[in-house]
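Undergrad: predicted coordinates and the sequence they were generated for:
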Amino acid sequence: MKTLARIAVALTALASCAAFAQSDNDADRARRDRNMDEVMAKHHVQLDTMNGEAPQAKPTLRERTHHVAETTREKTHKVAQSTRNFTHRQADKARAFSARHGHPKSDGTVVKTPDSTPS
């Protein structure tokens, strides 16, 4: 937010300088330039960063942790998806095996019949 405020002040200073630029007096122009430089120095704004690309600031801790969380979430999602795909393939193979061998319940669930009934 500080950067936005600085840019707003700088633009205001430039606009006010442009509004008073009607006179071509050298002394007046020099005074306006000094005033603009003082305002820019007071608010730590550099004209070269306003006209060109602003230098990239270092990422904050919040941005870095957000990036780490996003990366972790993506990797976890990929692993979970591959696990789901694997288990679905194995379940399909088990169902196909049960159906081929004439199992009475071919939907994949195993029906165990006891060898002897307890008395």
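TA: Received, thanks. This one's a predicted model, so the numbers in the text were calculated from it and none came from an experiment.
Undergrad: pLDDT-wise, which helix or strand of the chain ranks last?
TA: Lowest mean confidence among the helices and strands of the chain (mean pLDDT, DSSP states H and E): helix 47-51, at a mean of 56.
Undergrad: report how many residues lie close to residue 10.
TA: Using other Cβ atoms under 10 Å, residue 10 is surrounded by 19 other residues. Any C-beta I mention is one placed from the backbone N, CA and C, and that applies to glycine too.
Undergrad: how far away is it from residue 32?
TA: 14 Å (Cβ to Cβ, to the nearest Å).
Undergrad: before we move on, what about residue 39?
TA: Relative to residue 32, and taking Cβ to Cβ, residue 39 is found at 11 Å.
Undergrad: report the longest helix in the protein, please.
TA: What stands out as the longest helix in the chain, according to DSSP state H, is helix 61-100.
Undergrad: list the helices and strands it packs on?
TA: The helices and strands touching helix 61-100, judged by 3 or more Cβ pairs under 8 Å, 6 or more residues apart in numbering; DSSP states H and E, number zero.
Undergrad: give me the mean pLDDT for that helix.
TA: Taken as a whole, helix 61-100 has a mean pLDDT of 92.
Undergrad: same thing with stretch 34-43?
TA: The model assigns stretch 34-43 a mean pLDDT of 82.
Undergrad: now it: buried residues?
TA: 36, 39, 40 (16 or more other Cβ atoms under 10 Å).
Undergrad: between those residues, which is nearest residue 67?
TA: residue 40 (33.5 Å; Cβ to Cβ).
Undergrad: residue 43 contacts residue 11, correct?
TA: No. Checked against Cβ atoms under 8 Å, the pair residue 43 and residue 11 is beyond contact range at 11.2 Å.
Undergrad: re the thing from before, filter the buried residues of stretch 34-43 down to just the ones in helices.
TA: Secondary structure from DSSP H places 36, 39, 40 of the buried residues of stretch 34-43 in helices.
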